[in-house]
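Engineer: sequence plus predicted model, see below.
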Amino acid sequence: MVLKALVAAVMLLTFAHIVCVVYWTWIMTVTSFGKPDEITIFTSSRAANLVITPFICYLVQLFFGFRLFRFSGSWLLAGICSVLGGISFVGALVDAARVINWQSLGTNMDALYWLTILTLVSGATCDLIITAGLAFHLRKQRALTKISRTIDLLDKLTVWSIETGLVTSINAVVLVTVFMSTPILSLPH
């Protein structure tokens, strides 16, 4: 029942995320067409999107952390993923609050650079642990069975875990690398 509620919450948040993106895109491309002074990335729908996204990420990481626990039986792995995901979640919310409030921060927008790095690294590490852990434990389960249909299913789940998990893991690592290699830019006043 808890997993069904978790999936429903992720679906509702994802729907809200999509609505915010579509509305923001509409404002940028249709409503502000021909009015360059009205174009801004700081709209209410963008602000809502900045707050919704960390919730989606954390809930998905919790879901896959739970799946990792079910396969491995290790509370330690699930706990590490929960803590890393929680750090990423809180950091992303703090960063979102800073971006939403950017006008009041003035030139001090880059004051919590370390928090952004910590947020990105903890999210990337959580994704990598989940991906590697699922692939490892699915392969381990495959070695224990002799039923061909079960082996085929475990092979498909392993490939699916690697394909989908590596996309988020590589994306997170690239994001950390780009963020750390780009000079900090202050927002225009």
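Structural biologist: Cool, the structure landed. Numbering: from 1, shown residues only.
Engineer: need the helices for the chain, in chain order.
Structural biologist: Secondary structure of the chain by DSSP state H: the helices cover 2-26, 44-72, 75-100, 102-105, 113-144, 148-181.
Engineer: next, residue 73: phi, psi?
Structural biologist: Backbone torsions of residue 73, given as degrees, to the nearest 10, read phi 80, psi 10.
Engineer: helices and strands of the chain: which one has the lowest mean pLDDT?
Structural biologist: Lowest on mean pLDDT, DSSP states H and E among the helices and strands of the chain sits helix 102-105, with a mean of 60.
Engineer: quick one, what contacts the nearest residue to residue 60 once chain neighbours are set aside?
Structural biologist: Distance criterion C-beta to C-beta, 6 or more residues apart in numbering; nearest residue to residue 60, sequence neighbours excluded, is residue 10 at 6.1 Å. Where you see a C-beta, it was placed from the backbone N, CA and C, and this is true even at glycine. With C-beta atoms under 8 Å, 6 or more residues apart in numbering as the criterion, the residues that contact residue 10 are 56, 59, 60, 63.
Engineer: check residue 162 too.
Structural biologist: 131, 135.
Engineer: measure it to residue 168 for me?
Structural biologist: 11 Å (C-beta to C-beta, to the nearest Å).
Engineer: give me the common contacts of the two.
Structural biologist: residue 131.
Engineer: for the spatially most central residue of the chain, which residues are in contact?
Structural biologist: Centroid-nearest residue in the chain, with C-alpha atoms, centre = their mean: residue 57, separated by 3.7 Å. Residue 57 sits next to 85, 88, 89, 92, 123 when contact means C-beta under 8 Å, 6+ apart.
Engineer: one more time with 7 Å
Structural biologist: Residues near residue 57 by C-beta atoms under 7 Å, 6 or more residues apart in numbering: 88, 89, 123.
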